[in-house]
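**Q** structure for the following, please:
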Amino acid sequence: MSAAFAPIEASSVAPSVDLLFYSLLALSSLVVVGVMAFILVFAVRYRRGSRVERKNVTRRLSWELAWTLIPLGLFLGICAWAGKLYFDLYSPPAAALPIYVVAKQWMWKLQHPEGQREINQLHVPRGVPIKLIMTSQDVIHSFYVPAFRIKQDVLPGRYTTAWFEATRDGSFDLLCAEYCGTEHSMMRGQVVVMEPQAYQDWLQAHPAEQGLAAQGAQRFREYGCSGCHGPNSTVHAPPLAGVFGKPVQLQDGSRAIADETYLLDSMLQPTKQVVAGYAPIMPSFRGQIPEEQLLQIIAYIKSISEPQGNPP
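**A** Next up is the predicted model:
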């Protein structure tokens, strides 16, 4: 789509989003124009004083069914199309590169798996799916990149995700699309899309002392998590190796998937979803661990859920 009508299409989903939008716009315009045309014709033809026959016409069921069912079918088709696109937008590929995002008044703080940190700027490789794992440090924000056609609310005390695959190099506006305070309009940055090799060069030119999972392993020990959840612990606590992404049986008989939100709740609200067979003795870490360190711990738990991972 031309930039004269919309931002350039710079992600794999942008053409599909634009096609849906303009199809809905065209269909809605067709219905509006048709209805207004009939109103205009009848208003002129049957105006007061005009010499036209005004007797009741014979009811035609076929016409009534046609003008009811055809628009209904078209709009239901648009709904089904939009539903499929929605699930595609919120189903990141399994091999997507995770980027961790913390929003706060009024900046975006981003961290790569290798440990590199950025503020209000995100470097990503072109042609590689990127999964954003996001939370807020204070109020509700919204991660919005118009050129990628993605917008996702970022909430305090909860993790939300979004994904994209950039299809062209360049710098693209990163905005907050939720009013978040007096400097809301200043909460903006850039997503810098690079050739894959240029991205690897950028990572090497900005080395981090530790990867995100390694930082999480350090926090895991610092906050005493390994004392209860480590393999040699004498405390009866659920083991964490291999748990991420798997179903967990809870005391109330229900099951939960051990995703980022579940792990966050387990640290901040440990009595909310107690694992079956374990006593609710874990203390809450709410207000004790900064958001960045919570992300690091979760990245570590994810790393020991991989086949080669081992807890400390």
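
**Q** could you use CA atoms for every contact and neighbour count after this?
**A** Fine.

**Q** where are the low-confidence patches of the stretch 51-200 of the chain?
**A** For the stretch 51-200 of the chain, the stretches flagged by pLDDT under 70 are 57.

**Q** mind running it again at 90?
**A** Within the stretch 51-200 of the chain, the ranges that satisfy pLDDT under 90 run 51-68, 70-72, 74-75, 88-95, 98, 113-117, 137-138, 156-159.

**Q** strands along that one, start to end?
**A** Taking DSSP state E, counting those that start in this stretch, the strands of the stretch 51-200 of the chain run over residues 97-104, 107-111, 117-119, 121-125, 130-136, 141-145, 150-154, 160-164, 170-176, 188-194.

**Q** element containing residue 262?
**A** If you go by DSSP states H and E, residue 262 is part of helix 260-268.

**Q** elements contacting the helix or strand just after that helix?
**A** Next in sequence after helix 260-268, counting helices and strands by DSSP H and E, comes helix 291-303. Using 3 or more Cα pairs under 8 Å, 6 or more residues apart in numbering; DSSP states H and E as the contact criterion, the secondary-structure elements in contact with helix 291-303 are strand 97-104, helix 212-222, helix 260-268.

**Q** winner for burial among those?
**A** Per-residue neighbour counts averaged over each of those give the maximum for strand 97-104, namely a mean of 22 (mean count of other Cα atoms under 10 Å).

**Q** next one: it to chain centre, how far?
**A** 11 Å (Cα atoms, centre = their mean, to the nearest Å).

**Q** also stretch 55-67?
**A** Per Cα atoms, centre = their mean, the displacement of stretch 55-67 from the mean C-alpha position of its chain is 48 Å.

**Q** so residue 98 versus residue 295, what's the distance?
**A** 11 Å (Cα to Cα, to the nearest Å).

**Q** residue 149 too?
**A** Using Cα to Cα, which is the criterion applied here, residue 149 is 26 Å from residue 295.

**Q** between these two, tell me which one has more neighbours.
**A** More neighbours sit around residue 295 than around the other of residue 149 and residue 295, counting by other Cα atoms under 10 Å; the figures are 27 against 21.

**Q** enumerate every residue touching that one.
**A** With contacts defined as Cα atoms under 8 Å, 6 or more residues apart in numbering, the neighbours of residue 295 are 100, 216.

**Q** that one and residue 153, how far apart?
**A** Relative to residue 153, residue 295 is positioned 17 Å away (criterion: Cα to Cα).

**Q** what's the separation between residue 9 and residue 98?
**A** Counting by Cα to Cα, the separation of residue 9 from residue 98 is 22 Å.

**Q** oh sorry, the question was meant for residue 66
**A** The span separating residue 66 from residue 98 equals 50 Å under the rule Cα to Cα.

**Q** do the same with residue 188
**A** Plainly put, residue 188 is 21 Å away from residue 98 if you go by Cα to Cα.

**Q** residue contacts, residue 10?
**A** Residue 10 sits next to 147, 148, 166, 167, 168 when contact means Cα under 8 Å, 6+ apart.

**Q** the third one against residue 126, yeah?
**A** Yes: in terms of Cα atoms under 8 Å, residue 166 counts as a neighbour of residue 126; the distance is 5.2 Å.

**Q** so those two - more neighbours on which side?
**A** More crowded of residue 166 and residue 126, by other Cα under 10 Å: residue 166, with 26 against 23.

**Q** got the contact list for the closest residue to that one other than its chain neighbours?
**A** The shortest distance from residue 166 to any non-neighbouring residue, by Cα to Cα, 6 or more residues apart in numbering, is to residue 11 (4.2 Å). When contacts are counted by Cα under 8 Å, 6+ apart, residue 11 is found next to 147, 148, 149, 164, 165, 166, 167, 168.

**Q** measure the residue nearest to the third one when sequence neighbours are not counted to residue 229 for me?
**A** In space, residue 149 comes closest to residue 14 once its chain neighbours are excluded; the distance is 5.5 Å by Cα to Cα, 6+ apart. Using Cα to Cα, residue 14 is found at 43 Å from residue 229.
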